[in-house]
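Chemist: Sequence plus predicted model, see below.
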There are 2 protein chains.
Amino acid sequence: MTDDEGVLAGHLQELRRGTVVVAALASLRTPGYGYALLESLARNGFEVDANTLYPLLRRLEKQGLLTAEWNTEESRPRKFYRTSPAGEQVLAALRADWRSLDASISDLA
Amino acid sequence: MTDDEGVLAGHLQELRRGTVVVAALASLRTPGYGYALLESLARNGFEVDANTLYPLLRRLEKQGLLTAEWNTEESRPRKFYRTSPAGEQVLAALRADWRSLDASISDLA
């Protein structure tokens, strides 16, 4: 990566960072596993790797925005995530803020 | 601030962070001072304080995305910023990415 590419990559990453939270909270209203979420986010245009997503899911769980249950029916137990009512509220607030930011960006010269 | 408000505030801040770069690069195609930019960003819906904006402007200058000149005509010299050709390119890439993120967010359930 050249310096210029590094500069652009850093700014792009900063622009994308908060959107993964929006995408995770919206997607997990249909409960799911981390791995399935990783795949569906990629399909839907949110570039995030496992090393970023898994700690984020644990952070959102700790904040009470996701609930988690262990599924022990399979040979290897897996955590099953779901957006909580508090998560729904935060999601609604983030989406409202996103729309307002989008309007501000569209208004720029 | 309650814990819940703190959680929401953190996620909102993360969502907004990258947009200030977009707003600064777009606004400074009309050259201006940091203080004037701070006021115009606030008027246009980008909440940012001086302690965040001034270091950001120095960072963008160091990255070659803004050029800066000292105006020494007044009693107190002030730095006059302008978006560089490299800054225009980064701005265009960030705006394209924003549009794509906006489409992805709109497509979420």
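Modeler: Received, thanks. Worth saying up front: this structure is predicted, and the values here are computed from it rather than measured. Numbering: from 1, shown residues only, chains lettered A, B, ... in the order given.
Chemist: Stretch A:33-51 and chain B in contact?
Modeler: Yes. Using C-beta under 8 Å from any C-beta of the partner chain, stretch A:33-51 comes into contact with chain B via A:44, A:45, A:46. For glycine as for every other residue, the C-beta is placed from the backbone atoms N, C-alpha and C.
Chemist: By neighbour count, which of those residues wins?
Modeler: Using other C-beta atoms under 10 Å in any protein chain shown as the neighbour criterion, residue A:46 leads those with 22 neighbours.
Chemist: Around chain B, pick out the residues from chain A.
Modeler: Contacts of chain A with chain B, taken as C-beta under 8 Å from any C-beta, map to A:4, A:7-8, A:11-12, A:14-19, A:21-23, A:26-27, A:29-30, A:44-46, A:63-65, A:86, A:90, A:93-95, A:97-98, A:100-105, A:107-109.
Chemist: Could you pick out the buried ones from these?
Modeler: Using 16 or more other C-beta atoms under 10 Å in any protein chain shown as the burial test, the residues of chain A next to chain B include A:7-8, A:11-12, A:14-19, A:21-23, A:26-27, A:45-46, A:63, A:65, A:86, A:90, A:94-95, A:97-98, A:101-102, A:104-105, A:108 as buried.
Chemist: Among the residues you listed, name the ones in helices.
Modeler: A:7-8, A:11-12, A:14-19, A:21-23, A:26-27, A:86, A:90, A:94-95, A:97-98, A:101-102, A:104-105 (DSSP state H).
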